[in-house]
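[1] Dropping a prediction and its sequence here:
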Amino acid sequence: MNLRIKNIDNLSFEGKKALVRVDFNVPLDGEFQVTDDTRIQAALPTINKILNDGGAAILMSHLGRPKSGPEDKFSLKHIVLELEKALGRPVKFAPDCIGQEAELLAESLKPGEVLLLENLRFYKEEEKGDVEFAEKLSKLGDIYVNDAFGTAHRAHASTSVIAQFFNDKVCGYLMLSELKNAEKVLGKPERPYTAIMGGAKISDKILIIEKLLDNVDNLIIGGGMSYTFAKAQGGTVGDSLLEADKLDFVLELMAKARKKGVNLLLPVDTVISKAFANDAEQGLAVSGEIPDGWMGLDIGPETRKLFAETILNSKTILWNGPMGVFEMESFDKGTKAVAEALVEATKAGSYSLIGGGDSAAAINKFGFGGDVSFVSTGGGALLEHMEGKVLPGVAALEP
Ligand SMILES: Nc1ncnc2c1ncn2[C@@H]1O[C@H](COP(=O)(O)OP(=O)(O)O)[C@@H](O)[C@H]1O
Ligand SMILES: O=C(OP(=O)(O)O)[C@H](O)COP(=O)(O)O
């Protein structure tokens, strides 16, 4: 971890206004209710430290990916109630993240008070990393705190460019805890070290899979991406997810695993279905032998046993991406079996780190969130960090 960054514990916020970049990019339902408040809860230690010190907190975040300007469905006003509930105190809201009203609201903020700014991405300048926009934001606070680990892989105005306008700039507690936990896997992980990769698309995870082969003892591949491996080995995959342009890459990966002595585990059987639906006709197939008209939507029972065995023999485990379409009950058994193995391994003293929105949602769905070592609030950010890339949101905090 970078020790040149100032420690938040050594900083007093008394009488100060802290401008805090948080990641409140949380899921909302059709009624604009927050359906998972993990990221809000995770930001509380930093906000409470500021308030308990006698400071005021000005919170800024993005929500979703608005295309051009303000859109009601992406307004952060929808999360004010949830934030008030979590903090146990009122939260003021600035309907624009820059400009006169935001400045007046920030200026009149008293110690112990909290102000939430409207979605930063209502300005295209945010994602462009525009310096003038960053400077306007910076006028709102005296100290800059970045606690948005989930967005730390973005070099945006509020996550990195803004830092140059502050003498006092620090990592928040969430960011620190995320970096510390990732270090256990990135540094000298206790061995055997097993990475489990799943989810829908190989193309999203190519770099990380390749990078992992330099470090892991076992690499488990499940979920939608495993059918491209089956196809590349000459198998048939019916209507399963397939990235036909990645077949050569997959064969190279397999060769690299052999060369590096990495034990690559692929599914040996798969739950198949006639359609992408919970109640469609289902069956079981040997991997690479899926008939036409069927699609693989989960790993099969033999695979679950095989994967669990390896997980239980591991000392460090990194998991990203579900083993099947866990959102449907008929296809959640593989993901559940892997989650259960992770919990058991953790109980036996192994270190387990889970990243990615869907993997975190899966582990929470099964009620295991508290039974693994760490569930990261980052998806892309955690993976980029694992690839060894410098996170702009962290680098910007260096003096
Ligand atoms: N066999 C499969 N066929 C289709 N979709 C799948 C399959 N296995 C997993 N998925 C889907 O992959 C999605 C998660 O992928 P991804 O976004 O890569 O995970 P994460 O957010 O954890 O990184 C889930 O919505 C899940 O339903
Ligand atoms: O949810 C996020 O990323 P994730 O889906 O990789 O966890 C972050 O808020 C970053 O959002 P972005 O990918 O729109 O920049």
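    Noted; the coordinates are in hand. Ligands and ions are numbered 1, 2, ... in the order given.
[2] Correct me if wrong: residue 379 contacts residue 151.
    No - between residue 379 and residue 151 there is no contact under C-beta atoms under 8 Å: 10.5 Å. C-beta here means a position set from N, CA and C on the backbone, and glycine is covered the same way.
[3] hey, what's in contact with both of those two?
    Here residue 379 and residue 151 have no joint contacts, going by C-beta atoms under 8 Å, 6 or more residues apart in numbering.
[4] who touches the helix or strand encompassing residue 133?
    Per DSSP states H and E, residue 133 falls inside helix 131-138. For helix 131-138, contacts defined as C-beta under 8 Å, 6+ apart pick out 19, 60, 97-99, 120, 123, 125-126, 144, 157-158, 161-162, 164-166.
[5] Next SSE downstream of that helix?
    Using DSSP H and E, the helix or strand that follows helix 131-138 towards the C-terminus is strand 143-146.
[6] Okay, now the sheet partners of that next one, with direction.
    Next to strand 143-146 in the sheet, as set by DSSP bridges, lie strand 17-21 (parallel), strand 169-171 (parallel).
[7] Quick check on residue 355: phi, psi?
    With angles defined as degrees, to the nearest 10, residue 355 sits at phi -130, psi 160.
[8] Is it in contact with residue 385, as I believe?
    No - counting by C-beta under 8 Å, residue 355 does not reach residue 385; the two are 9.1 Å apart.
[9] Quick check: neighbours shared by those two?
    residue 378.
[10] Tell me the spacing between the nearest residue in space to residue 233 that is not next to it in sequence and residue 235.
    Leaving aside its chain neighbours, residue 233 sits nearest to residue 288 (6.3 Å; criterion: C-beta to C-beta, 6 or more residues apart in numbering). From residue 288 over to residue 235 the distance is 2 Å, taken as C-beta to C-beta, to the nearest Å.
[11] neighbours around the closest residue to residue 20 other than its chain neighbours, how many?
    Nearest residue to residue 20, sequence neighbours excluded (C-beta to C-beta, 6+ apart): residue 145, at 4.4 Å. Residue 145 is flanked by 30 other residues according to other C-beta atoms under 10 Å.
[12] now swap in the one 3 residues further on and tell me
    Here the number of neighbours of residue 148 (other C-beta under 10 Å) works out to 29.
[13] what helix or strand is residue 382 on?
    Counting by DSSP H and E, residue 382 is found in helix 380-386.
[14] how does the chain divide up, domain by domain?
    8-176, 188-386 (automatic domain parsing).
[15] With mean pLDDT and distance to ligand 1 added, can I get these in JSON lines?
    Output for the domains of the chain, formatted as JSON lines (pLDDT from 0 to 100; distance: least, C-beta to the nearest ligand atom, whole Å):
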{"stretch": "domain 8-176", "mean pLDDT": "97", "distance to ligand 1": "12"}
{"stretch": "domain 188-386", "mean pLDDT": "96", "distance to ligand 1": "2"}
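[16] The closest residue to ligand 2 within the stretch 201-350 of the chain and residue 239: what is the separation?
    Across the stretch 201-350 of the chain, the shortest distance to ligand 2 (C-beta to the nearest ligand atom) belongs to residue 204, at 9.5 Å. In this view, residue 204 and residue 239 are 21 Å apart by C-beta to C-beta.
[17] same question, residue 159
    Between residue 159 and residue 239 the distance, using C-beta to C-beta, works out to 40 Å.
[18] again with residue 323
    Distance from residue 323 to residue 239, by C-beta to C-beta: 19 Å.
[19] Pick out whichever of these two has more residues nearby.
    Legend: neighbour count by other C-beta under 10 Å for residue 323 and residue 239, higher for residue 323 (33 against 18).
[20] what residues are up against the closest residue to ligand 2 within the stretch 1-150 of the chain?
    Nearest residue of the stretch 1-150 of the chain to ligand 2: residue 25, at 3.3 Å (C-beta to the nearest ligand atom). By C-beta under 8 Å, 6+ apart, residue 25 lies in contact with 39, 61-64, 150-151.
[21] do that again at 7 Å, thanks
    39, 61-64, 150 (C-beta atoms under 7 Å, 6 or more residues apart in numbering).
[22] so which strand or helix has it?
    Going by DSSP H and E, residue 25 is not in any helix or strand.
[23] Ok, the one 5 residues further on next?
    Mapping residue 30 onto the secondary structure by DSSP H and E places it in no helix or strand at all.
[24] And for it, the neighbour number?
    Residue 30 has 6 neighbours, counted by other C-beta under 10 Å.
[25] ok, now residue 103?
    14.
[26] picking up where we left off before, I'd assumed residue 173 was in contact with the residue nearest to residue 20.
    No - Residue 145 lies out of contact with residue 173 (C-beta atoms under 7 Å); the separation is 9.5 Å.
[27] With neighbour numbers in mind, choose between residue 379 and residue 151.
    residue 151 (26 against 20).
[28] what's the closest non-adjacent residue to the more buried one?
    residue 23 (4.9 Å).
[29] which phi and psi does that neighbour have?
    Dihedral angles (degrees, to the nearest 10) for residue 23: phi -110, psi 90.
[30] wait, doesn't it sit right on residue 63?
    No - using C-beta under 7 Å as the test, residue 23 is too far from residue 63 to be in contact (9.6 Å).
[31] the more surrounded of the two?
    When residue 23 and residue 63 are compared for neighbours, residue 23 comes out ahead with 27 against 23, by other C-beta under 10 Å.
[32] How about the contacts made by that one?
    So residue 23 contacts 39, 61, 148-151, 377 (C-beta under 7 Å, 6+ apart).
[33] Now render the residues you listed as JSON lines, adding secondary structure.
    Shown next, in JSON lines, are the contacts of residue 23 (DSSP: H, G, I helix; E, B strand; the rest coil):
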{"residue": "39", "secondary structure": "helix"}
{"residue": "61", "secondary structure": "coil"}
{"residue": "148", "secondary structure": "coil"}
{"residue": "149", "secondary structure": "helix"}
{"residue": "150", "secondary structure": "helix"}
{"residue": "151", "secondary structure": "helix"}
{"residue": "377", "secondary structure": "coil"}
